[in-house]
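A.B. asks: With the input below, show me the fold.
(one chain, ligands or ions: 1)
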Amino acid sequence: MSPHASTDREKPVIVWFRDDLRLADHPALHDAIDSGRPVIAVYVLDEETGGVRPLGGAARWWLHGALAALRAQLNDMGGTLLTFAGPAPETLDRLADISGAGALYCHYRYQKEARDQDSAVFDRLAGRRVEIVQRHGTLLRAPDAVRTKTGTPYRVFGAYWKAAVKLGPPPRPLAAPGRIRFWSSPTHWPKTMRPLDEDALLPRKPNWAGGLEADWTPGEAAGREILRDFVTHALAHYDTGRNEMAAEGSSRLSPYLRFGHVSPRQVWDAVSHIKGTDAEVFRGEIGWREFAWNTLYHAPDLPHRNLKPRFDIMRWRRDEGDVRAWQQGRTGIPIVDAGMRQLWETGWMHNRARMITASLLVKHLLIDWRVGEAWFWDTLVDADPANNAVNWQWVAGTGIEATPFFRVFSPLRQCERFDPDGDYMRRWVPELAKLTGKEIPAPWTLSQQSLRQAGVTLGKTYPEPIVDLDGGRQRALDALKATARTR
Ligand code: FAD
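C.D. replies: Numbers count the residues shown, from 1 in each chain. Got it, this is the predicted structure:
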């Protein structure tokens, strides 16, 4: 039955917000409003149904701000955002019961655990004859829309992106709604409904989120402003600027895309008219996000399993001390420590630093990529199930379209190319600030006199390196060879 049937006209409709915490270009919300019926806006934090991975600490902090921002927007329009905790099927079933809702609108999700959760909700609501209306709203193209001629998913980014671009531009983004007719929600809920304790999303003892607060403002308005600023100021130098670690050369849109404050169609629309390499490369990065989600859709185990089974027998090292030093930015290798401290302090890390720090963990330290993936998951404000796993497997050489394992990033060469004056290292590792651009990448190679002049005592004011870079590289290559022998 259609949700527009006349007998149902006054039955409210539920709009179930998930990783799409915005009002503009929200096809599910748009169509719910179009139905002419009162709208119930709801968010449910369900970490129980369908095995969805709990959010990490930094993402929880972000979610707190994101929900507050969306609620404020809805308040301004005369409504509110309801937030509940607990199993989504029961929670939404009760909400439908209490409100007499006739339909539930939401976007498609592409992660297996999330889809399982959705199915459990839809099954439950079917018993109440609540119509389910799903729309595509979180990617430029649904994963099924881009396939090879034989119908299989693409396994190489270049070919995938070429085929995706050939489909033509994605639909234009939808404008923000001018008006929403809201369902008037009760002031008291029955005990069976568990309101989300939003303040519990914030860290308390200790409150490690000071740096995040200083750097970020979650929400749609901030996301739109960042997009506008980026297109006006940084896009023209993006191709080189995005790699310069001390510069603000990339968009920093990742958490806004992750939580859906900004939609990929809005990003596309903002740059679609711009010609030249910089815009082309930037559109390609949006393409990488699409490709990552495409990959996760077809390989749901991606965050847990090597996509190349050959690596299942890899003898990873277990060394708690090394892992802790890496997490804390105390490896004694300044470029790595700079990246890891930026991550801890701000919940975000420069893309090049992500590659360098991940490579050191997996190759030089020979630690399983899943250990690093889990740390990033907990500490990144943009921690994304697809982007994080695809990129970790890319660096580790265990994924599709990955760098081969034997190609080991040299942290020192990376400094020469992408932080030649040492400004990025100096900013995040201030105890080395008096070293010159040439000296700072490898303090262990300096004379006692140079170190003394810069106020550095290795092992005291700054750690000795926890791994010899040449030795670590060789150990990684030997471990790779061993997997080939045992096959
Ligand atoms: P920009 O350069 O401005 O790019 C614009 C957008 O394109 C990004 O916001 C992002 O949505 C997308 N994008 C850019 N690079 C990539 C990429 N390599 N793969 C997929 N999408 C990309 N990105 C995340 O969003 N979440 C993660 O959890 C995540 N984990 C990563 C882990 C590792 C080990 C590595 C090497 C990379 C990871 N990335 C992740 C990808 C990339 O580092 C970030 O998307 C980027 O640094 C975000 O900064 P930006 O928004 O300024 O990017």
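
A.B. asks: what does the stretch 201-350 of the chain have sitting close to the ligand?
C.D. replies: Contact residues, the stretch 201-350 of the chain versus the ligand (CB under 6 Å from any ligand atom): 242, 250-254, 257-258, 285-286, 288-289, 292. C-beta here means a position set from N, CA and C on the backbone, and glycine is covered the same way.

A.B. asks: which residues of the protein fall in strands?
C.D. replies: 13-17, 39-45, 82-85, 103-107, 131-135 (DSSP state E).

A.B. asks: average pLDDT for the third one?
C.D. replies: For strand 82-85, the mean per-residue pLDDT is 98.

A.B. asks: If you count contacts, what does that strand end up packed against?
C.D. replies: The helices and strands touching strand 82-85, judged by 3 or more CB pairs under 8 Å, 6 or more residues apart in numbering; DSSP states H and E, are strand 39-45, helix 88-99.

A.B. asks: Would you mind saying which of the ones you listed lies nearest the ligand?
C.D. replies: Across those, the minimum distance to the ligand, taken as CB to the nearest ligand atom, is reached by strand 39-45, at 19.3 Å.

A.B. asks: Can you lay out the helices and strands packed on strand 82-85 as a markdown table showing distance to the ligand?
C.D. replies: Below are the helices and strands packed on strand 82-85 laid out as a markdown table (distance: least, CB to the nearest ligand atom, whole Å):
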| stretch | distance to the ligand |
| --- | --- |
| strand 39-45 | 19 |
| helix 88-99 | 23 |
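
A.B. asks: Tell me which of those sits most buried.
C.D. replies: Among those, ranked by average contacts under mean count of other CB atoms under 10 Å, first place goes to strand 39-45 (a mean of 24).

A.B. asks: State the mean pLDDT of that strand.
C.D. replies: Mean pLDDT, strand 39-45: 98.

A.B. asks: Next: stretch 138-151.
C.D. replies: For stretch 138-151, mean pLDDT rounds to 93.

A.B. asks: Against residue 136, how distant is residue 26?
C.D. replies: 11 Å (CB to CB, to the nearest Å).

A.B. asks: okay, and the common contacts of the two?
C.D. replies: Shared contacts of residue 26 and residue 136 (CB atoms under 8 Å, 6 or more residues apart in numbering): residue 107.

A.B. asks: Compare neighbour counts for the two and give me the winner.
C.D. replies: More crowded of residue 26 and residue 136, by other CB atoms under 10 Å: residue 26, with 26 against 17.

A.B. asks: was I right about the more buried one contacting residue 20?
C.D. replies: Yes - Residue 26 is within contact range of residue 20, at 6.0 Å (criterion: CB atoms under 8 Å).

A.B. asks: any shared contact partners between these two?
C.D. replies: Jointly contacting residue 26 and residue 20 under the rule CB under 8 Å, 6+ apart are 107, 137, 263.

A.B. asks: List just the nearest of those to residue 118.
C.D. replies: Of all the shared contacts of residue 26 and residue 20, residue 118 sits closest to residue 107, with 9.8 Å by CB to CB.
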